Every structure is written in structure tokens, then in C-alpha cells.
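# sequence first, then the predicted structure:
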Amino acid sequence: MRSLGIEDRHFVVKAGTFEGTPGELLRLVMQDKIDLASIPLADIAKQLHEAVEAQDVHEIDLDQAVDQVIALVTLIGQKARNLLPGDAPYDSGGISCEAAGEPEESSGLREMLLERLEEYKEYKHIAEELRQREELWHKVRSRPPVPELKPDLPSPACEAPDTVTLDDLLNALEALLKSVPENVPVPSEELSIQERMEAIVSRLRDSGRLGFRELLSGSRSRSEIIAMFVALLELIRLGRVRASQDRHFGEIIIAIVEPNR
Amino acid sequence: MQSSNLTDEEKQAIVEAVLFSLPRPASIKEIAGVLSVDEGEAADILNRLKATYDRGTRGIQIVEVAHGFQMVTRPCYAPYLEKIEQAGRTPQQLSRAALETLAIIAYREPITRAEIEAIRGVKADAVLATLLDRGLIRESGRKDSVGRPILYSTTPEFLRYFGLKSLDDLPPLQHAGSPALRGNK
């Protein structure tokens, strides 16, 4: 019985007394604990194929599956080489999994293969360490990078990485509306959406860019805010203004897009 | 270096303000420049400021990462931060293939795609595209061999992402591919 670590039980194959994953089989062969010549690899391949097929497409651990296929392919390559004349004979005990790359008298293909495998195993080990670090550092927050605000850039609102989505805008609108009392007398002056658009543009011309709140909170009633919001959406759609956000939870900034610049 | 009239406390306060305001690690050299002191003194001030954050229970700490110092939250408070953050703020974990590829690049950089594939035994283009996209690696030139293949290296973002001071923070490899190639950045 071997401790199986992270090997996945879904990929178990059987051959004679061996029962385990191709990865485990490869390890035992490398340690000379199993004679590769006695293992029917075609049968193992068939079993692995069936094991993979039997698993749910959505649940299969692809990393594991690929590892097992690589292990099998390595075994097949090794067995093929062993059958070729002139290759260095099996020297048992020369190489263990821990201390490979020590004495190498007969550096045949097997050694080369082993060395590559050892090297890869080390990188896998480092990858595990990186995984742990990643987990820890995902729990750490720092000031997020501030993207350069380029209000002059005539790029459409939906392309820049710091661009605000419609959802963000709607959330901001909702938050704003919450702060406005519901029953305020309807303003006497009714402006069309077109006029409101012009009003927004002229305000932005003066100041370059304004916060979303600042832009809309001049409105006195909910209906007026919503009308301004519609005008703002239209301006964004036309590419005349651009909404951006310099950080998470940051205020949405509305900037004017000047043509021909 | 001009000698400055600032008291030690004031210098620490300045460094604190700098670290708080910067969205990236500040190098010792930068701190020295801000304070007009030599780098030895800058390092000393940084370390003493760091120590004040490590005393007692603070939500913020100063860490040494990516060749500099940065103010970050303590990981143990992450569950509380998550309560107030927008969902999906934490970046997605890297796949194992991506981590393995990064490990290889970190020890062997600059390295070509073919060299990575020789070690991992599988195609690397998709993984490399992901890593480039996330800013963890960059194209660092072309190898002087047939076809002049692109060379890849890790970025400062790689160090920051994994909380490494420098590539030397990674454990030494016991086997092949000695990290001797490091440091020629």
C-alpha cells in the first residue's frame, strides 16, 4: 500500500499485482520496483481510456487526466527504447527518485528521460508552493493601480479597461435615487432629453470631467434625475462622453470626449 | 546626499505617507530619493516603520515585495473585507498548468516556448497567452537561434502576485536547471 497523495482515484488501472494510476506505475518502474517488460501497456492504455470516458465531462480533473496520459506515454516511450538494441542496460539502484543526477556512467536515453522527469517534478513542486503563496496573497489587499485617466481619448466607452458597465451606472443611479425624497413637487421647467444632453456637455466643457453624483445631483426630483441619466446614457452611446472609474468602489467619472484630438 | 533637518519621527511619517499613497511597492532607492538620505538610512527607516506596524494588532502591514516595500492588509482579515467588497473582486486562481509554466519561466528565464514545452511535454501557447494577459510574464526579447524565437521572462507583477521579494525568494532547485540563470535581468 502506498500513500497516494493527490493522485486521483478516478484513473486507476490494473496490471497483474499492480493497481494504481499510470503515474504511480511510472514511479515504480523508475524505482525499478516493477519490470516494465512485464506490463501490458496496450491494456493499460485501454483501461485509462475507459476510465477517462467513464467520467463526467464537467467534473473530470483535466490536469490529472493529462498527467496520467503523459505518464503512460512516458512508459510507452521507455518500453520502446528498452526494446531497441544498443541502449544502456537497466542499472538498478543507480537512480532513485530523490537523488537523480548523481553518478552517471551510462548516460543513455533512460537517464535523459529520468532527468527530464526529475526536473519537471521539481517544477511541479515549485508550482505547489506558488499555489500556496497565491492563496495567501489573494487574501491581501493593497491600493489598486490607478489607470491613467485620459478624458481626451476618443475611444468608445466600452473598450477601455477602466470602463464602467451599464450595471455600474444603474447601481450608481440607484444609490443616488435612494438619497432623494420621493415626493418632491415636479419641477416647473421641463427640459427635453436633447436639451439635457446639451446641458451635460456644456457643464463638462467647463470642468473637463465630473463625478457621476455631482453631475446628477443638481437635479431636484427623482424624475429629473432619471431624465438626466437617460441623457447621460445617450451621450455615452454616442461616444460624446466617457464614463470611467479609477478604482473599485471609486466614484464614476464622466468625462467629455473632444472630437479631433 | 544633502543632510536633512527632519527628525527621525518625521522621516518615518513621510515614508508612511508615501507607502500609503503609492499603488505599487516603493523601492529603497525611491524612499532615499524622497528623504534625501542614503539608501542605508532609507532601509533603516523603512524597517523601523515596518516594525511599528508589526507591533500590536493592526489591519495593515508593510511587506517587502517585488524589490520594494508596500502597505497591504493582513491576510487574516480577508473574510471581513469580503463582506464589503464587490463579489468577484479576487482574481481567479491560476490553473496548475499556468503555475507549472510560471515555475519553469521563473527559474529558467529568459526562456522560449519550445524550451518550456520540452520540460512540460505539452503545448504551451494557450498557457503563455493567459500569463501574458495577466501581466505575469512578458516578452523579453528574441533568442539568437534559428527562427529567432520569442523569449519570456517574469514581470514585477509576478513577484507581487506571489508576494516574493525577488526571484531569489524562490527555493533553490535541487536538480537540474540551477537558478544560476537568475539575476541577469
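Cool, the structure landed.
# what sits up against the longest helix along chain B?
Longest helix in chain B by number of residues, with DSSP state H as the criterion: helix B:39-54. For helix B:39-54, the external contacting residues (Cβ atoms under 8 Å, 6 or more residues apart in numbering or on different chains) are B:8, B:11-12, B:15-16, B:19, B:28-29, B:31-32, B:35, B:37, B:60-62, B:64, B:69. To be clear about C-beta, it is placed using only N, CA and C from the backbone, and glycine gets the same treatment.
# where does the prediction get shaky in the stretch 51-200 of chain A?
The stretch 51-200 of chain A contains residues with pLDDT under 70 at A:84-110, A:146-163, A:179-190.
# close to chain B: what parts of it are there?
Residues of the stretch 51-200 of chain A lying close to chain B (Cβ under 8 Å from any Cβ of the partner chain) are A:63, A:66, A:70, A:73-74, A:100-101, A:115-116, A:118-120, A:122-124, A:126-131, A:133-146.
# how about the strands in chain A?
Assigned by DSSP state E, the strands in chain A fall at A:13-15, A:18-20, A:209-211, A:241-245, A:252-256.
# switch those over to JSON lines; also include mean pLDDT.
Below are the strands of chain A laid out as JSON lines (pLDDT from 0 to 100):
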{"stretch": "strand A:13-15", "mean pLDDT": "86"}
{"stretch": "strand A:18-20", "mean pLDDT": "87"}
{"stretch": "strand A:209-211", "mean pLDDT": "81"}
{"stretch": "strand A:241-245", "mean pLDDT": "83"}
{"stretch": "strand A:252-256", "mean pLDDT": "84"}
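# so which of those strands has the densest surroundings on average?
strand A:241-245 (a mean of 23; mean count of other Cβ atoms under 10 Å in any protein chain shown).
# ok so, going back, list the buried residues for the longest helix of chain B?
B:41, B:42, B:45, B:46, B:49, B:50, B:53 (16 or more other Cβ atoms under 10 Å in any protein chain shown).
# and of those residues, the nearest to chain A?
Among the buried residues of helix B:39-54, residue B:53 lies closest to chain A (Cβ to the nearest Cβ), at 13.6 Å.
# pairing partners for the helix or strand hosting residue B:152, with directions?
Assigned by DSSP states H and E, residue B:152 falls within strand B:150-154. If you go by DSSP bridges, strand B:150-154 pairs up with strand B:111-112 (antiparallel), strand B:137-142 (antiparallel).
# reformat the ones you listed as JSON lines; add distance to residue A:54 and mean pLDDT.
Below are the strands paired with strand B:150-154 laid out as JSON lines (distance: least, Cβ to Cβ, whole Å; pLDDT from 0 to 100):
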{"stretch": "strand B:111-112", "distance to residue A:54": "38", "mean pLDDT": "94"}
{"stretch": "strand B:137-142", "distance to residue A:54": "37", "mean pLDDT": "93"}
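# pick the most buried one from those strands.
A comparison of those by mean neighbour count, using mean count of other Cβ under 10 Å, puts strand B:111-112 on top with a mean of 22.
# what lies in contact with the next helix-or-strand element following it?
Note on strand B:111-112: by DSSP H and E, the next helix or strand toward the C-terminus is helix B:113-120. With contacts defined as Cβ under 8 Å, 6+ apart, helix B:113-120 is touched by A:116, A:119-120, A:123, B:97, B:100-101, B:104-105, B:108, B:123-125, B:128, B:149-150, B:152.
# give the buried subset of these as a PyMOL selection command.
Only the buried entries of the contacts of helix B:113-120 go into this PyMOL selection, using 16+ other Cβ under 10 Å:
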select buried, (chain A and resi 119+120+123) or (chain B and resi 97+100+101+104+105+108+124+128+152)
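# and the residue nearest to residue A:38 when sequence neighbours are not counted, what are its phi and psi?
Nearest non-adjacent residue to residue A:38, counting by Cβ to Cβ, 6 or more residues apart in numbering or on different chains: residue A:16, 6.8 Å away. Torsion angles at residue A:16 (phi, psi; degrees, to the nearest 10) stand at phi 60, psi -120.
# cool, the one 5 residues further on as well?
Backbone dihedrals for residue A:21, given as degrees, to the nearest 10, come out at phi -80, psi 160.
# so residue A:51 sits against residue A:10, correct?
Yes - with contact defined as Cβ atoms under 8 Å, residue A:51 reaches residue A:10; the gap is 6.3 Å.
# please say which of the two ends up with more neighbours.
A count of neighbours by other Cβ atoms under 10 Å in any protein chain shown puts residue A:51 above the other of residue A:51 and residue A:10, at 20 against 16.
# which residues sit in contact with that one?
A:10, A:11, A:12, A:13 are the contacts of residue A:51 under Cβ under 8 Å, 6+ apart.
# residue contacts, the last one?
The contact partners of residue A:13, taken as Cβ under 8 Å, 6+ apart, are A:19, A:20, A:21, A:22, A:25, A:44, A:47, A:48, A:51.
# grab the nearest non-local neighbour of it.
Spatially, and ignoring its direct neighbours in sequence, residue A:13 is nearest to residue A:47 (4.1 Å; Cβ to Cβ, 6+ apart).
# what is the burial count for that neighbour?
18.
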